[in-house]
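> turn this into a structure:
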Amino acid sequence: MKKSIKRIAIILMSFAIIFSFTACKKTSPSEVVEKDLKELQSESVKEVEVPYVNKDNADSKELEDKYLKWINMIQKFDYKIQDEKISKDGKTATVRVKISTYDFGNTYKEVAQEIKEGIDEGKINKDTDIDSYVIDQFLTKALQLKDKKYTKEVIINCKKASKDWEDDIYNNEDFQDAILGGMLTEAPNLTSIL
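Okay, the predicted model is just below:
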């Protein structure tokens, strides 16, 4: 009986020691960035609001389905954390991440060129619902992409919060451009085409 009590006491002490080590474990900026990247990849897209969609229209339903499939493609970006640098004061850090995804930026540029040609040739005119047309053309082409040919290295900024690190992936334009396959980079260049 005394041996059993000693065993239980030893087991409980072991759990207490293990728990104290894990409770004190601090996460690094890279670990926080990785956690947030994984969450972003697995977020549900069912609640995403689809622009230019009238839910009572059958064509809009098809456009909505394409849009949600495209959002799923965006979430399939690959990443590799390259390194992290913590400031001397320990209050800020940067994490360098390499993103690989589909070349949506080039697809965006191709669609813009086709739209310009369609306008020049009179195929697209004032009666065309240009917003829905452009979105449909882009999504149709984007969903055909098979290879992740776009890569970009980005810097994720982190700051020390009260207990842990926080990153800026949700408002970091460079990161957003990377997971969108360069679309944000291409957007200003398209004004010359259109």
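> show me the shaky parts of the chain.
1-26, 47-59, 189-194 (pLDDT under 70).
> quick one: the strands in it?
Assigned by DSSP state E, the chain shows strands spanning 78-86, 92-101, 150-160, 165-167.
> could I get these as CSV with distance to residue 136?
From N, CA and C alone the C-beta is placed, and that goes for glycine too. What follows is those, written out as CSV (distance: least, Cβ to Cβ, whole Å):
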stretch, distance to residue 136
strand 78-86, 27
strand 92-101, 21
strand 150-160, 22
strand 165-167, 35
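> for the ones you listed, which one sits closest to residue 187?
With Cβ to Cβ as the criterion, residue 187 lies closest to strand 150-160 of those, at 14.9 Å.
> adjacent strands (with direction) for the closest one?
strand 92-101 (antiparallel), strand 165-167 (antiparallel) (DSSP bridges).
> between these, which one is nearest to residue 34?
It is, among the strands paired with strand 150-160 and with distance given as Cβ to Cβ, strand 92-101, at 8.7 Å.
> please report how far the most centrally placed residue in the chain lies from residue 99.
Central residue of the chain (Cα atoms, centre = their mean): residue 179, 4.9 Å from the mean position. Using Cβ to Cβ, to the nearest Å, residue 179 is found at 6 Å from residue 99.
> joint contacts of the two?
Counting by Cβ atoms under 8 Å, 6 or more residues apart in numbering, the residues touching both residue 179 and residue 99 are residue 77.
> now render the strands of the chain as CSV, adding distance to residue 66 and mean neighbour count.
Output for the strands of the chain, formatted as CSV (distance: least, Cβ to Cβ, whole Å; neighbours: other Cβ atoms under 10 Å):
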stretch, distance to residue 66, mean neighbour count
strand 78-86, 23, 14
strand 92-101, 18, 19
strand 150-160, 20, 18
strand 165-167, 31, 20
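> of all these, which one comes closest to residue 112?
Ranking the strands of the chain by proximity to residue 112 (Cβ to Cβ) places strand 150-160 first, at 17.0 Å.
> nearest to residue 62, out of the strands of the chain?
strand 92-101 (24.3 Å).
> now the angle between strand 78-86 and that closest one, please.
Strand 92-101 and strand 78-86 are oriented at 170 degrees to each other (axes from the mean of the first three to the mean of the last three Cα atoms, to 10 degrees).
> any residues touching strand 92-101, and which ones?
29-30, 33, 37, 74, 76-87, 148, 150-160, 165, 167, 175, 178-181.
> switch to 6 Å and redo it
29-30, 33, 77-86, 148, 150-159, 178, 181 (Cβ atoms under 6 Å, 6 or more residues apart in numbering).
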